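Asker: the sequence and its predicted three-dimensional model are supplied below.
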Amino acid sequence: MDMESNRTSGRRRFHDFIPDECYRRYSCVHCRTHLANHDELISKSFQGSQGKAYLFNKVINVCCGKPEERFLLTGLHAVADIWCNSCKTTVGWKYEHAFEASQKYKEGKYIIELTHMIKENGWAK
């Protein structure tokens, strides 16, 4: 079964949770489903289609669409949209393939746009 049919099938999904003991985490701003642990953050210096975005090594509770080639600010990449398992909002993308040698470090990594996530648990007030 492909990811797209999982997205629309209406089947109930189990969610992964980042324990409260973890220092900091990022959640979906729309439904508060956990998306990433702060320890998985690689860079805050990325640009998404809707503004600033963060690059993560690993994310949870997302589904991944089919890869497609896109021209991004740093050149041609094969990327797949990712969406929240719970509310189905597209929150970013996964880098499947980088065509330029200098961009290979992004392969297998995830972008989440700031407009779709909120910082939770342990952030300074």
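Answerer: That came through fine.

Asker: just so I have it, where are all the strands in this structure?
Answerer: Using DSSP state E, the strands of the chain run over residues 25-28, 34-37, 41-48, 51-56, 62-64, 68-72, 75-84, 90-98, 110-113, 117-120.

Asker: the first one: which residues count as buried?
Answerer: This means strand 25-28. Within strand 25-28, the residues that count as buried by 16 or more other C-beta atoms under 10 Å are 25-28. For the C-beta atoms, the positions are set from N, CA and C on the backbone; glycine is no exception.

Asker: swap in the third one?
Answerer: Taking 16+ other C-beta under 10 Å as the basis for neighbour counts, the residues of strand 41-48 that come out buried are 41, 46, 48.

Asker: could you give the angle of that strand to strand 68-72?
Answerer: 80 degrees (axes from the mean of the first three to the mean of the last three C-alpha atoms, to 10 degrees).

Asker: use 56 as the first number for this chain going forward.
Answerer: New numbering, starting at 56: the last item is strand 96-103.

Asker: strand 96-103 - contacts with which helices or strands?
Answerer: Contacts defined by 3 or more C-beta pairs under 8 Å, 6 or more residues apart in numbering; DSSP states H and E place strand 96-103 against strand 106-111, strand 165-168.

Asker: save those strands as TSV, and put in mean neighbour count too.
Answerer: TSV is the format used below for those (neighbours: other C-beta atoms under 10 Å):
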stretch	mean neighbour count
strand 106-111	18
strand 165-168	24
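
Asker: for the most centrally placed residue in the chain, what are its contacts?
Answerer: The C-alpha lying nearest the average C-alpha coordinate of the chain belongs to Ile167 (C-alpha atoms, centre = their mean; 4.0 Å). With contact set as C-beta atoms under 8 Å, 6 or more residues apart in numbering, Ile167 has these partners: 81, 90-91, 108-109, 111, 114, 137, 146-147.

Asker: mind running it again at 7 Å?
Answerer: Neighbouring residues of Ile167 by C-beta atoms under 7 Å, 6 or more residues apart in numbering: 81, 90-91, 108-109, 111, 114, 146-147.

Asker: pipe those residues into JSON lines and attach distance to Lys161 and pLDDT per row.
Answerer: What follows is those, written out as JSON lines (distance: C-beta to C-beta, whole Å; pLDDT from 0 to 100):
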{"residue": "Tyr81", "distance to Lys161": "19", "pLDDT": "93"}
{"residue": "Leu90", "distance to Lys161": "18", "pLDDT": "95"}
{"residue": "Ala91", "distance to Lys161": "16", "pLDDT": "94"}
{"residue": "Ala108", "distance to Lys161": "12", "pLDDT": "97"}
{"residue": "Tyr109", "distance to Lys161": "13", "pLDDT": "97"}
{"residue": "Phe111", "distance to Lys161": "11", "pLDDT": "98"}
{"residue": "Val114", "distance to Lys161": "14", "pLDDT": "96"}
{"residue": "Val146", "distance to Lys161": "17", "pLDDT": "97"}
{"residue": "Gly147", "distance to Lys161": "12", "pLDDT": "97"}
